[in-house]
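Q: Sequence plus the predicted model coming up.
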Amino acid sequence: MTSLPEKNLSFEASTSRLSLRARLSVAAWLESHTDFRLPHQAANLDSALQALNNTPKEQSYLVQVTQLARYFQRGLWLIFALTFVLGLLAVPPAFAVSASGTVNIFWLLIVLLGFHGVNLLIWFIALLALGRGATRSKGILLGSLILISNKIGKYSHINSLSSTAFWHWQCSKHSNPWLLSAISHTAWCCYLFAGFLMTLLLLLTNQVNFVWETTLLGEQQFLWLTQQLSVLPNLLGIAVPDQVDILASRIDIVSQAPNTRQHWANLLLASLILYGVLPRFLLGLFSVFMYRLKRLTLPKTTQELAIERRYQEQSRSQILDKEKLNKDAQDQHLNASGLHQQSCLSAIPNASLNNTWGLFEWSQPIPERLTGVQDRCVLNDASQQQDFLAASHPQPVYILVDGEHSPDRGSRRFLLSLCASFPDASLVITNGSFSNAWQRTGLESGIRPDQLFTLQDDKE
């Protein structure tokens with residue numbers, strides 16, 4: 001006997017088959033039509049949708065929807081099995097031979113492929129007429145399948161709200177035509193494949209003379225029709241009836257050569273595959289692909305967008321709060337480091353006045369300590385800064401910044417480029433209210449702590 005925890009685990013495994021979009025659609029429909037609400041306090045949308053697995057307590061919405069999806073899939077397999085059996089049963093009456101052991105080949109082709117061809121033509125016309133628009137029509141087959149699934153679901157305690165929410169997603173008006181097409185083509189493929197197998201079995205166990213007869217048509221019409229049917233099999237190297245075989249198969253011909261019977265049998269089997277099973281198989285695959293594509297690109301309802309936006313904003317606010325906490329902690333660390341570095345900053349040595357100096361965005365008079373510096377330039381615009389970085393400086397480089405002006409992104413970019421071009425460059429900061437900010441910017445840009453200096457002017 002399966003224990004309760006094992007049952008819960010099996011339910012959880014089955015509910016995981018539903019995609020995030022499917023659960024979102026179910027939750028949106030329930031929020032719009034019932035008292036169900038997703039929790040407001042959730043880390044993200046996926047965790048919020050876990051409420052579907054907890055409400056109601058006796059049997060959650062997600063479990064009910066998953067059970068209904070399982071019934072729907074089993075119903076599809078039942079339909080395909082029934083059409084397969086019908087294909088097996090349809091061939092023997094159509095293949096019944098007379099006392100002389102003959103069968104009309106064209107009547108046999110009409111019975112085996114005629115209804116398939118008419119149905120395929122109707123489907124193609126309907127696709128052209130309705131393919132560009134959405135339809136809520138579920139057809140007789142799909143409507144019956146839904147009705148049976150709902151009836152079975154009532155015995156499994158699946159309420160009508162869960163059923164409606166599931167069918168709202170499963171049979172949406174945008175993907176519904178391709179769902180109907182996929183079911184129809186797959187059912188016909190099973191029917192025709194079963195007919196092919198039964199035809200092959202009957203040909204293996206019976207000797208049949210294939211003949212044709214007509215009252216209104218002539219020999220040329222039958223000859224032309226047989227040649228058209230033989231085009232594809234002939235391209236594949238299959239031996240098919242030629243003109244002699246066709247003319248030798250009149251109903252009034254007493255005997256038929258073994259090769260002629262073999263050629264007609266090849267044409268019959270090849271026609272069932274090439275004009276019946278293969279087109280339905282390919283169209284079934286295409287319909288399934290289009291159905292899944294329509295499901296993936298299904299426009300979201302207003303309620304679905306509202307739910308997504310609700311938890312995106314919460315996730316964004318949580319990320320911003322986390323980033324703010326990290327930034328505050330980093331600022332505190334940098335401030336503490338900056339204060340420590342500021343207390344340890346030393347004045348530039350007199351020997352540095354013989355090196356290369358760049359006054360970055362400098363608008364004040366030249367400090368008295370730098371009046372005697374020979375290799376000195378002002379870096380107030382982009383061209384001056386680029387020329388300075390591109391030049392070759394044999395002497396150590398010192399960059400003087402004004403501590404009364406706050407550093408910005410342009411200052412950070414310049415210092416990053418400076419450290420890339422001159423790894424041993426030094427940053428000299430005049431005293432001001434933004435000295436700590438310049439120290440942080442220099443450290444973050446790659447200036448080593450021992451390359452940070454303060455400018456002590458003579459007047460100070």
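A: Thanks, I have it.

Q: Helices of the stretch 251-400 of the chain, start to end?
A: Using DSSP state H, counting those that start in this stretch, the helices of the stretch 251-400 of the chain run over residues 258-272, 278-296, 302-344, 382-390.

Q: Averaging pLDDT over each of the ones you listed, report the lowest-scoring one.
A: Looking at these, the lowest mean pLDDT belongs to helix 302-344 (a mean of 58).

Q: and stretch 426-445, how far out from the chain's middle?
A: Its chain's C-alpha centre and that of stretch 426-445 lie 50 Å apart, by CA atoms, centre = their mean, to the nearest Å.

Q: Check which residues of that stretch are buried.
A: Applying a neighbour-count criterion of 16 or more other CB atoms under 10 Å, one finds 426-430, 434-443, 445 buried in stretch 426-445. C-beta coordinates here come from the backbone N, C-alpha and C atoms, glycine included.

Q: For Val397, see how far away Gly372 is.
A: Separation of Gly372 from Val397 (CB to CB, to the nearest Å): 18 Å.

Q: Then His116?
A: Noted for His116: a distance of 85 Å to Val397, by CB to CB.

Q: Which stretches in the stretch 51-200 of the chain count as helices?
A: 61-94, 105-130, 139-155, 160-170, 176-205.

Q: Please work out the average pLDDT along the second one.
A: It stands for helix 105-130. Across helix 105-130, pLDDT averages out at 85.

Q: Could you pull up phi and psi at Glu31?
A: As for Glu31, its main-chain torsions (degrees, to the nearest 10) stand at phi -70, psi -30.

Q: Ser406 - how many residues pack around it?
A: The burial count assigned to Ser406 is 13, neighbours taken as other CB atoms under 10 Å.

Q: Is it part of a helix or strand, or is it coil?
A: At Ser406 the chain is in coil, as set by DSSP: H, G, I helix; E, B strand; the rest coil.

Q: That one and Phe434 touch, don't they?
A: Yes. If you go by CB atoms under 8 Å, Ser406 and Phe434 touch, sitting 4.7 Å apart.

Q: how about Leu353, what does it touch?
A: Shown in contact with Leu353 (CB atoms under 8 Å, 6 or more residues apart in numbering): Arg369, Leu370, Gly372, Val373.

Q: Pull up the gap between the first one and Leu192, please.
A: If I follow you right, that is Arg369. 98 Å.

Q: Which one of the two is surrounded by more residues?
A: Taking other CB under 10 Å, Arg369 and Leu192 do not tie; Leu192 has more neighbours (25 against 20).

Q: Can you tell me the closest non-neighbouring residue to the more buried one?
A: Gly276 (4.1 Å; CB to CB, 6 or more residues apart in numbering).

Q: how far away is the one you found from Phe80?
A: 16 Å.

Q: between these two, who's got more neighbours?
A: Neighbours per residue (other CB under 10 Å) separate Gly276 from Phe80, with Gly276 holding more: 23 against 16.

Q: Please report how far the closest residue to Phe210 other than its chain neighbours lies from Ala420.
A: Nearest in space to Phe210, with sequence neighbours left out and distances taken as CB to CB, 6+ apart, is Trp264 at 3.7 Å. Separation of Trp264 from Ala420 (CB to CB) stands at 84 Å.

Q: which residues does the most centrally placed residue in the chain contact?
A: Central residue of the chain (CA atoms, centre = their mean): Leu296, 6.2 Å from the mean position. By CB under 8 Å, 6+ apart, Leu296 lies in contact with Arg21.

Q: Gly442 contacts Arg448, doesn't it?
A: No. Assessed by CB under 8 Å, Gly442 is found out of contact with Arg448, at 9.1 Å.

Q: domain assignment for this protein?
A: Domain assignment for the chain by automatic domain parsing gives 56-298, 345-454.

Q: Among the buried residues of stretch 426-445, which lie within strands?
A: Mapping these onto strands (DSSP state E) picks out Ser426, Leu427, Val428, Ile429.

Q: Now pLDDT too, for the contacts of Leu353, in a markdown table please.
A: As requested, the contacts of Leu353 are exported to a markdown table (pLDDT from 0 to 100):
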| residue | pLDDT |
| --- | --- |
| Arg369 | 83 |
| Leu370 | 84 |
| Gly372 | 81 |
| Val373 | 84 |
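
Q: Could you turn the buried ones of those residues into a ChimeraX selection?
A: Entered in ChimeraX, the line below selects the buried ones among the contacts of Leu353, by 16+ other CB under 10 Å:
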select :369,370,373
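
Q: Mind putting the contacts of Leu353 into JSON lines with distance to Ala165?
A: Shown next, in JSON lines, are those (distance: CB to CB, whole Å):
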{"residue": "Arg369", "distance to Ala165": "79"}
{"residue": "Leu370", "distance to Ala165": "77"}
{"residue": "Gly372", "distance to Ala165": "84"}
{"residue": "Val373", "distance to Ala165": "79"}
